[in-house]
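In: Sequence and predicted structure are below.
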Amino acid sequence: MPKLALEYLLFVFVACSGVLQIAAARGGFKGLLFFRRPVAGYIFGALAIVGAFWWFFTSDNRNILPTLEGFQQTGLFLSAGLMALLFTLFVSSLAKAGLLEDATEETRQAEPDQGLEVLKERTYLQAITRGFSRRRGKG
Amino acid sequence: MSLDVQLLLWLNGLVGKVPIIDRLMSGAVNDYFVPVSLSLALLGLWFSGNGAAERERNQRAVIYAVIGLVIANLVVFLFNLGYFRPRPFAEYPVHLLFYMPTDSSFPSNPAAVGFAMAAGVWLGNRRLGGLLFGLASLWAFARVYAGVCYPLDVVGGGFIGVLSSYIASRGLRLAEPLPTLLLKLGRRLYLA
């Protein structure tokens, strides 16, 4: 892979990871956060975004050729964004493995709405395994 | 000399007069800064909203923006098959702050892309949409300032972008229940 494509991929991966942490902190998605406190998510997110932009734009002159064509940028952005999402789901599921243990019995037994709302009280791994076992129970 | 060319030469004539503005425009004109910022805003918007209803509205806006972007690119591509306008640096002695693109100057692809994304978001979230219109306008302005587009190119591109996202939003309403099913699938995967 050309150096520019690799640099772009890394730049977008780090920036997307930062955006996801800020979104998780802002939306109260405890199961997506890497940290116990939302403020740490904001700080991590801001540093990741600013750091990624700073590194990408100061490490080389981006106003000269060669450049990435639009379709290449789209493909690389989607790949890096997907990697950042998977990284976030994996790391937060590991870092917050004890999330349900801290919850009250009422929260644990609650049936939250489907979708992202679930990640306010559970990690992605917990949500997936619970959803899977519920579906097996119904079947 | 047309008003379009006069405006280009006047704006581009400012290059070298205020170094800080030159640096700002050099940062804004490139192929990465604004498009990545706009795309990151879409990613953040997908996860934003107070409650499920507002989040769904935001997610629909993201879908409008993405489909609008695809339509805008297609329109610019088709336009370029039948029409070619040389870049300003090929016809006038401009001060270049950017590499020399070889594709048609009209319509401006960056303006189409930027305005399509901003308009898509604006249809669902006025506040963020307004901010993204600001970013898209900065990108379009920087292309003229840097000597790679005429003002009419970015106005044309911007018009294509806004119209594309409007068409995307209308089209998706007609395509119901497909978008709703897509969001339902996302919710089943705990990602929407």
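Out: Thanks, I have it. Because the structure is predicted, anything quoted here is derived from the model rather than measured.
In: And the residue nearest the centre of the chain?
Out: Defaulting to chain A. In chain A, the centroid-proximal residue (C-alpha atoms, centre = their mean) is residue A:88; its distance is 3.5 Å.
In: Let me rephrase: I mean chain B.
Out: Centre-nearest of chain B using C-alpha atoms, centre = their mean is residue B:114, 0.9 Å out.
In: Pretty sure it sits against residue B:35.
Out: Yes: using C-beta atoms under 8 Å, residue B:114 is in contact with residue B:35, at 7.4 Å. To be clear about C-beta, it is placed using only N, CA and C from the backbone, and glycine gets the same treatment.
In: Spit out the residues that contact the two alike.
Out: Taking C-beta atoms under 8 Å, 6 or more residues apart in numbering or on different chains as the contact rule, residue B:114 and residue B:35 both touch residue B:139.
In: The closest residue in space to residue B:95 that isn't next to it in sequence: neighbour count?
Out: Sequence neighbours aside, residue B:15 is the residue nearest to residue B:95 in space, at 3.9 Å (criterion: C-beta to C-beta, 6 or more residues apart in numbering or on different chains). Around residue B:15 there are 19 other residues, counting by other C-beta atoms under 10 Å in any protein chain shown.
In: tell me the secondary structure for residue B:15?
Out: Put simply, residue B:15 is coil when judged by DSSP: H, G, I helix; E, B strand; the rest coil.
In: got a pLDDT number for it?
Out: pLDDT recorded at residue B:15 is 97.
In: And for the helix or strand where residue B:24 lies, what's in contact with it?
Out: For residue B:24, the element it lies in under DSSP states H and E is helix B:19-29. Helix B:19-29 has contacts (C-beta under 8 Å, 6+ apart) with A:57, A:63, B:14-16, B:33-34, B:97-98, B:138-139, B:141-143, B:145-146, B:148.
In: hmm, try it at 7 Å
Out: Residues outside helix B:19-29 that contact it (C-beta atoms under 7 Å, 6 or more residues apart in numbering or on different chains) are A:57, A:63, B:15-16, B:33-34, B:97-98, B:138-139, B:142-143, B:145-146.
In: just to revisit the earlier point, from what I see, the residue nearest to residue B:95 and residue B:98 are in contact.
Out: No: assessed by C-beta atoms under 7 Å, residue B:15 is found out of contact with residue B:98, at 10.9 Å.
In: can you list residues touching both of the two?
Out: With C-beta under 7 Å, 6+ apart, residue B:15 and residue B:98 have no common neighbours.
In: following the worst-scoring helix or strand of chain A on mean pLDDT, which helix or strand comes up?
Out: One helix or strand of chain A scores below all others by mean pLDDT, DSSP states H and E: helix A:105-109, with a mean of 60. Helices and strands here follow DSSP H and E; after helix A:105-109, the next one along the chain is helix A:124-138.
In: Give the buried residues for that next one.
Out: Using 16 or more other C-beta atoms under 10 Å in any protein chain shown as the test for burial, helix A:124-138 gives A:124-128, A:131.
In: what's the closest of these to residue B:86?
Out: Distance to residue B:86, by C-beta to C-beta, is smallest for residue A:124 among the buried residues of helix A:124-138, at 52.0 Å.
In: Tell me the spacing between the closest residue to the closest one other than its chain neighbours and residue A:130.
Out: Excluding the flanking residues, the one nearest residue A:124 by C-beta to C-beta, 6+ apart is residue A:89, at 4.3 Å. With distances taken as C-beta to C-beta, to the nearest Å, residue A:89 is found 15 Å from residue A:130.
In: again, but for residue B:103
Out: Taking C-beta to C-beta, one finds residue B:103 at 51 Å from residue A:130.
In: what's the answer for residue B:152, then?
Out: Using C-beta to C-beta, we find residue B:152 at a distance of 57 Å from residue A:130.
In: For chain B, tell me whether stretch A:60-78 is touching it.
Out: Yes: for stretch A:60-78, a contact with chain B is found by C-beta under 7 Å from any C-beta of the partner chain, at A:62-65, A:67-68, A:70, A:73, A:77.
In: farthest-separated two in the residues you listed?
Out: For those, the maximum inter-member distance is 21.0 Å, found between A:64 and A:77 (C-beta to C-beta).
In: okay, these two: which has more neighbours?
Out: Between residue A:64 and residue A:77, counted using other C-beta under 10 Å, the more crowded position is residue A:77 (23 against 10).
In: For that one, give me the pLDDT.
Out: Predicted confidence (pLDDT) for residue A:77: 98.
In: right, and it touches residue A:15 too?
Out: No: if you go by C-beta under 7 Å, residue A:77 and residue A:15 don't touch, sitting 10.0 Å apart.
In: can you list contacts of the worst-scoring helix or strand of chain B on mean pLDDT?
Out: The helix or strand of chain B with the poorest confidence is helix B:178-188; it has a mean of 94 (mean pLDDT, DSSP H and E). Helix B:178-188 has contacts (C-beta under 7 Å, 6+ apart) with A:114-115, B:56, B:59-60, B:63, B:172, B:192.
In: again with stretch B:149-161
Out: With C-beta under 7 Å, 6+ apart, stretch B:149-161 has contacts from B:4-5, B:7-8, B:72, B:75-76, B:88, B:105-116, B:119, B:140, B:143-144.
In: If any of those residues are buried, give me the PyMOL selection for them.
Out: In PyMOL, a selection of the buried entries from these looks like this (16+ other C-beta under 10 Å):
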select buried, chain B and resi 4+8+72+75+76+88+105+106+107+108+109+110+111+112+113+114+115+116+119+140+143+144
